[in-house]
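*Asks:* sequence and predicted structure are below.
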Amino acid sequence: MDAAHQHMKGLMDAESLPYGKRTHTYNSRLAQELGKWADTQPDGSRIHDALFRAYFVDGKNIGDVETLVDIATGVGLPEDLARIVLEQRAFSEAIDEDWARSRAFGITGVPTFVASGFGVVGAQPYETLEQLLDHVQAPRADNGAT
């Protein structure tokens, strides 16, 4: 394993997240557009985990329309609508707006967590996110989670 992969694998293992050896980097723009659309659909938020797994575990090309349609249908989204969204680039403008907002905030990487004007960039341990929330004195939900 090369050093970068080993480092990321260690971070993912620490958080009990799956992580595979990728041999290629693919443009995620279409996946972002598909995800934005999926968020407007019932149970569409499930696509985000599926996209993560496809790219970071299975090494799939998430810039390929057919691959993305398969991922969408795999989480129960309608194939015909997913294909239309991708081929017509129906959510391209929405992603452009997200990117512009990110640039305005100085966001340079993903994920980025922002609260009350403060933020942390990159995959972070749970404790770092807790520190961010403590710093901005964000209220905590009492849901019994630890």
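*Replies:* Cool, the structure landed. Model, not experiment: these values are computed from the prediction.

*Asks:* strands along the protein, start to end?
*Replies:* Assigned by DSSP state E, the chain shows strands spanning 112-115, 118-121.

*Asks:* domain boundaries for the chain, per the record?
*Replies:* Segmentation of the chain into domains, based on automatic domain parsing, reads 3-93, 107-146.

*Asks:* mean confidence for the first one?
*Replies:* It refers to domain 3-93. Mean per-residue pLDDT for domain 3-93: 91.

*Asks:* do you know how far the spatially most central residue of the chain is from R83?
*Replies:* In the chain, the residue lying closest to the centroid (CA atoms, centre = their mean) is H48, at 5.8 Å. Look at H48 and R83: by CB to CB, to the nearest Å, they are 19 Å apart. C-beta: built from backbone N, CA, C; applies to glycine.

*Asks:* R46 now?
*Replies:* The value you get for R46 to R83, if CB to CB is used, is 18 Å.

*Asks:* again, but for S92
*Replies:* 15 Å.
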